[in-house]
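Enquirer: Pasting the sequence and the predicted model now:
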Amino acid sequence: MKKRMSTSISSKTEPKRQRLFTHRFLPMIALLSAAFFIGSAFIVTDYKERILGWGSVMVLQYARPKMCETQCRAYGSEALPRGIISEISDLEMRPLWGLQNKKPKLSMNLLAIAVGIKQKESVNKIVKKFLESDFIVMLFHYDGIVDQWKDLEWNDRAIHVSAINQTKWWFAKRFLHPDIVSEYSYIFLWDEDLEVNHFNAKRYLSIIKKEGLEISQPALDPEKSELHHPITARDKKSTVHRRTYKVIGRTRCNENSTGPPCTGFVEMMAPVFSRASWRCAWHMIQSDLIYGWGLDFQLGYCAQGDRTQKIGIVDAEYVVHNALPTLGGLAANKVPSPSSEPDGRSEVKKQSFIELEVFKNRWKRAVKQDNCWSDPYEQSTKKTAVNTHIRR
């Protein structure tokens with residue numbers, strides 16, 4: 001009887017337990033299952049994203065070198081993003097505060113001239129001529145005297161750089177880097193001892209643009225100037241000339257001449273460079289050779305083409321070259337006196353010849369050592385040498 005009652009009681013409580021489990025635990029299990037399922041989906045998705053993300057990084061790491069192989073960056077800027085790099089500049093002066101003047105730039109050409117206070121009058125005339133044509137003017141003060149120019153009306157418009165007893169080429173190498181003057185179409189790199197009564201900068205620019213001259217100079221008045229090279233003498237019947245037909249030393253210049261001193265030549269006292277030719281010529285200036293001797297005979301390599309056509313002398317706009325001794329001369333407040341010290345001018349001339357030989361030897365050595373460079377004028381040079389030898 002007791003066994004039947006216990007069996008009956010257990011059979012009655014079993015459904016209750018099942019119902020209790022169904023009502024209490026089954027929803028919890030379902031909820032946990034759903035949470036597990038959803039969480040698993042997120043985990044898988046995140047895992048896939050991570051895999052894909054690392055895959056993208058790997059792809060970029062492998063693709064970047066190939067993509068960037070053709071990109072040329074300035075030395076020293078490799079660590080910077082390209083958009084922040086400012087590769088060029090100019091010589092325009094900026095205000096210390098306030099908004100900058102937004103007027104369009106008119107001065108797209110540059111006059112750079114080495115000056116001393118003794119030539120103040122002639123420099124004043126030169127600068128006025130160029131300011132009339134909206135040039136930027138830069139003065140290289142080789143005597144260290146700057147304040148005594150302040151009475152000139154244009155003084156504050158000019159850029160002044162001072163270094164005692166340094167030459168035009170020393171200044172140019174250090175302060176006229178091609179990236180600094182890239183804003184300017186033409187760079188006039190002149191001496192101070194020039195008379196410009198018959199020179200107009202705007203007309204000069206018009207002529208060299210029309211003639212396609214990359215390197216040029218104004219012709220010299222042969223009656224008033226000290227001539228060192230016959231090709232620089234003015235031809236009254238011409239607007240521009242590119243060659244001379246005179247006999248220079250052992251060289252007989254004619255229509256077949258292909259190089260200096262017969263053609264493709266300007267003197268270094270008043271050269272005018274295009275932007276492209278200056279970028280080349282600047283690299284040829286030697287940092288330790290301050291007189292620039294020898295450069296004139298090699299400027300043809302910077303002519304951006306045939307030097308017999310791209311280099312010329314402008315006859316229509318000419319100047320007078322006074323050839324005044326400046327560097328190495330006595331200061332204004334000194335009087336010549338007997339001394340054991342060598343004369344400054346003679347030492348300057350001596351050093352100039354020394355530097356000429358140094359430059360010529362460097363050129364020969366550079367040509368010999370550079371296996372990747374070919375001389376576009378090699379055949380013409382050899383032909384000239386043969387003809388000269390035959391005439392001897």
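Expert: Great, that's in hand. Numbers count the residues shown, from 1 in each chain.

Enquirer: which intervals of the stretch 201-350 of the chain have sub-threshold pLDDT?
Expert: The stretch 201-350 of the chain contains residues with pLDDT under 70 at 327-343.

Enquirer: repeat that for 50
Expert: 330-341 (pLDDT under 50).

Enquirer: Can you tell me how far residue 85 is from residue 94?
Expert: Using C-beta to C-beta, to the nearest Å, residue 85 is found at 20 Å from residue 94. For every residue, glycine as well, the C-beta is placed using N, CA and C.

Enquirer: between the two, which one's more packed in?
Expert: For residue 85 versus residue 94, neighbours defined as other C-beta atoms under 10 Å are more numerous around residue 85 (12 against 6).

Enquirer: helix, strand or coil for the closest residue to that one other than its chain neighbours?
Expert: Of all residues not flanking residue 85 in the chain, residue 77 sits nearest, at 5.0 Å (C-beta to C-beta, 6 or more residues apart in numbering). In terms of secondary structure, residue 77 is coil; the call rests on DSSP: H, G, I helix; E, B strand; the rest coil.

Enquirer: Just the pLDDT at residue 77, thanks.
Expert: You'll see residue 77 listed with a pLDDT of 79.

Enquirer: ok, now the one 3 residues further on?
Expert: The per-residue pLDDT reported for residue 80 equals 82.

Enquirer: mind checking how far it is from residue 352?
Expert: For residue 80, the distance to residue 352 - C-beta to C-beta - is 43 Å.

Enquirer: quick one: which of those two has more around it?
Expert: residue 352 (17 against 11).

Enquirer: Walk me through which strands the biggest strand by length in the chain pairs with, and which way each runs.
Expert: For the chain, the longest strand by residue count, based on DSSP state E, is strand 311-321. In the sheet, strand 311-321 lines up against strand 194-195 (antiparallel), strand 215-220 (parallel), strand 240-241 (antiparallel) (DSSP bridges).

Enquirer: for those, which one ends up most surrounded?
Expert: strand 215-220 (a mean of 27; mean count of other C-beta atoms under 10 Å).

Enquirer: what does that one contact?
Expert: 199, 204, 208, 227, 232-235, 241, 266-267, 269-274, 277, 281, 299, 302-303, 310-315, 317-321 (C-beta atoms under 8 Å, 6 or more residues apart in numbering).

Enquirer: Pull the distance from that strand to the chain's centre.
Expert: Strand 215-220 sits 22 Å away from the centroid of its parent chain (C-alpha atoms, centre = their mean, to the nearest Å).

Enquirer: Return it as PDB; C-alpha atoms alone will do.
Expert: Extracted in PDB, the C-alpha atoms of strand 215-220 (Å, rounded to 0.1, in the frame of the first residue of the first chain):
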ATOM      1  CA  ILE A 215      72.000  83.200 -72.000                       C
ATOM      2  CA  SER A 216      72.900  86.700 -73.200                       C
ATOM      3  CA  GLN A 217      74.500  90.100 -72.400                       C
ATOM      4  CA  PRO A 218      74.200  93.600 -73.700                       C
ATOM      5  CA  ALA A 219      76.800  94.500 -76.300                       C
ATOM      6  CA  LEU A 220      79.700  96.800 -75.200                       C
END
